[in-house]
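Q: Test case, fold it:
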Amino acid sequence: SKQVLKDNNTTDPSSITSLTLTHKALSDVSCLSEFENLQKLDLGFNNLTSLEGLKLCVNLKWLSVLQN
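A: Residues are numbered from 1 along each chain as shown. I've put the predicted structure just below:
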């Protein structure tokens, strides 16, 4: 999550509403639980087997998990 905040030039996870995290070799998304205002999330082309870590992202309206 620290890298995501740095890449988006912010220290406030609640200010981020859209993320593209494709081709990152992610196997776990629990670090995204603090981004409670996420509305759009692209997790394509990773190594995910569970989306349990997103259960607190209640504002999510669009999710892509292609090729996991």
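
Q: Residue 38 - how many residues pack around it?
A: A count of nearby residues for residue 38, using other CB atoms under 10 Å, gives 24. Quick note: C-beta positions are derived from backbone N, CA and C, even for glycine.

Q: Model confidence for it, exactly?
A: The predicted structure scores residue 38 at 97 on the pLDDT scale.

Q: for residue 32, same thing?
A: Model confidence at residue 32, given as pLDDT, is 94.

Q: and if you look at the one 3 residues further on?
A: Among the per-residue scores, residue 35 shows a pLDDT of 95.

Q: and the gap between the closest residue to it other than its chain neighbours and residue 45?
A: Excluding the flanking residues, the one nearest residue 35 by CB to CB, 6 or more residues apart in numbering is residue 13, at 4.8 Å. Separation of residue 13 from residue 45 (CB to CB, to the nearest Å) stands at 23 Å.

Q: So what's the residue count around the residue nearest to residue 35?
A: 18.

Q: so it touches residue 6, yeah?
A: No - proximity of residue 13 to residue 6 does not meet the contact threshold set by CB atoms under 8 Å, at 11.8 Å.
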